[in-house]
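>>> Okay, sequence plus prediction incoming.
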Amino acid sequence: MIKKMFFAVLALSFVATSCSSDDDSNGPTNSDLTLNLSGLESLGSDFVYEGWIIVDGTPVSTGTFTSITFPQTFSVNTAQLNSATAFVLSIEPAVDPDPAPADTKVLRGEFTGNSATVNTGLIGDFSSASGMFFLRTPTDETGTNNMNDEYGVWFGTPGMPPTPNFNLPVLPAGWAYEGWVVGDSGPLSTGTFTEFDAADDSAPFSGTAQSGPPVPGEDFFMNAPAGETFPLDIRGRTVVISVEPVPDDSPAPFAIKPLVGTAGNETAPATHSFGQNLSSLPTGSVTRN
């Protein structure tokens, strides 16, 4: 009797063990996805970075992060990770009701074997980026030049009216260009824009005599931020064109700054050239293990 009970318990134990093994072998398993990225900058408190793998044409989230210290590793479903053809990095609201990726996609790369090299090519090709700017102060004039053109910067070629002079890609949805002048306390925005032959979206520092010309730019006369003294002499200062996410809750320039120049001493009709700053473009690698 005892012998029969022993074998019965042994049989039940075997069945239970077999079921547990089957469940373990059939259950989902995860693998590591390691991001080793460079050139990213911290986002405002309302936004996070989010990784995505593309599986059968569908984006699958690999998780969000705010730290820009790499490498970082994420646990991802093994079957999906092995089937992924590409990796995408986007900027998402910290509180995000939409499960799909936002328009603000920063990096993309296709998997070759177990790794993908990612870059900003999905935003645009900046390999031929160029542009010009000039020093002029149209917003404080009432018909005559006030001879203080060193206090304003405008992007293009001077004329009546000025004309654009950028060789930059048209940006996809989710992105806009922004101009900057580096002041005494940090970068000062000249406004964001998506068109080169129209005024930008704001005039925070310009004069009130008249509106600016039909190109992006800014005069620096009013509303000086802390640490700045206006009017601001632009001569000798660094002038930057960045690419910014939309929406954008950070007051600082984003990581992508394809054009950087230094203003000379000459005011309009003289022009000053931007130089390429392609080393600012974020890049990196993604590895699945």
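That came through, no problem. Predicted model, so just to flag it, every value in this text is computed and none were measured.
>>> quick one: Leu107 and Leu281 touch, right?
No: with contact defined as CB atoms under 8 Å, Leu107 does not count as touching Leu281 (9.6 Å). Every C-beta, even on glycine, is put in place using the N, C-alpha and C of the backbone.
>>> so what sits against both of the two?
Applying CB atoms under 8 Å, 6 or more residues apart in numbering, one finds that Leu107 and Leu281 are jointly contacted by Asn119, Thr120.
>>> neighbour-wise, which of those two wins?
Neighbour comparison, Leu107 and Leu281: the larger count goes to Leu107, with 27 against 21 (by other CB atoms under 10 Å).
>>> What segments of the stretch 1-150 of the chain are strands?
Under the criterion DSSP state E, counting those that start in this stretch, the stretch 1-150 of the chain contains strands at 30-38, 47-55, 58-65, 72-77, 86-93, 105-112, 115-118, 130-135.
>>> Which other helices and strands does the first one contact?
Which is strand 30-38. strand 47-55, strand 72-77, helix 78-83, strand 86-93, strand 283-288 (3 or more CB pairs under 8 Å, 6 or more residues apart in numbering; DSSP states H and E).
>>> quick one on the thing from earlier: with distance to Val239 and mean pLDDT as new columns, can the strands of the stretch 1-150 of the chain be given to me in TSV?
Shown next, in TSV, are the strands of the stretch 1-150 of the chain (distance: least, CB to CB, whole Å; pLDDT from 0 to 100):
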stretch	distance to Val239	mean pLDDT
strand 30-38	25	97
strand 47-55	27	98
strand 58-65	32	98
strand 72-77	34	98
strand 86-93	25	98
strand 105-112	24	98
strand 115-118	29	98
strand 130-135	6	98
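>>> So which of the ones you listed is the most surrounded?
strand 130-135 (a mean of 23; mean count of other CB atoms under 10 Å).
>>> helices or strands next to that one in the packing?
If contacts are counted by 3+ CB pairs under 8 Å, 6+ apart, strand 130-135 sits against strand 152-155, strand 166-167, strand 256-262, strand 272-273.
>>> nearest to Leu35, of those?
Smallest distance to Leu35 across those (CB to CB): 17.9 Å, for strand 256-262.
>>> which parts of the closest one are buried?
Judged by neighbour count (16 or more other CB atoms under 10 Å), strand 256-262 contains these buried residues: Ile256, Lys257, Pro258, Leu259, Val260, Gly261.
>>> Please name the residues that touch the closest residue in space to the fifth one that isn't next to it in sequence.
If I follow you right, that is Val260. Spatial nearest neighbour of Val260, excluding adjacent residues (CB to CB, 6 or more residues apart in numbering): Asn277 at 4.4 Å. Applying CB under 8 Å, 6+ apart, we find Asn277 in contact with Val240, Lys257, Pro258, Leu259, Val260.
>>> In contact with the first one: list those residues for me.
Read that as Val240. Residues counted as contacts of Val240 (CB under 8 Å, 6+ apart) are Gly179, Trp180, Val181, Val182, Pro187, Pro253, Lys257, Leu259, Val260, Gly261, Asn277.
>>> Averaged pLDDT, the helix or strand containing it. What do you get?
Assigned by DSSP states H and E, Val240 belongs to strand 238-245. Strand 238-245 carries an average pLDDT of 97.
>>> Could you do stretch 266-283 as well?
Mean pLDDT, computed over stretch 266-283, is 96.
>>> gap between that stretch and the chain center?
Centroid separation for stretch 266-283 versus its chain: 19 Å, with CA atoms, centre = their mean, to the nearest Å.
>>> Same question for stretch 247-266.
Relative to the centre of its chain, stretch 247-266 is centred 12 Å away, using CA atoms, centre = their mean.
>>> Ends of that stretch, what's the gap?
Using CA to CA, to the nearest Å, one end of stretch 247-266 lies 36 Å from the other.
>>> Out of the helices and strands packed on strand 130-135, flag the one nearest Leu122.
Closest of the helices and strands packed on strand 130-135 to Leu122 is strand 256-262, at 11.9 Å (criterion: CB to CB).
>>> what helices or strands is that closest one leaning on?
Judged by 3+ CB pairs under 8 Å, 6+ apart, strand 256-262 is in contact with strand 130-135, strand 238-245, strand 272-273, strand 275-276.
>>> Go through the helices and strands packed on strand 30-38 and name the closest to Pro28.
Closest to Pro28 of the helices and strands packed on strand 30-38 is strand 72-77 (CB to CB; 5.9 Å).
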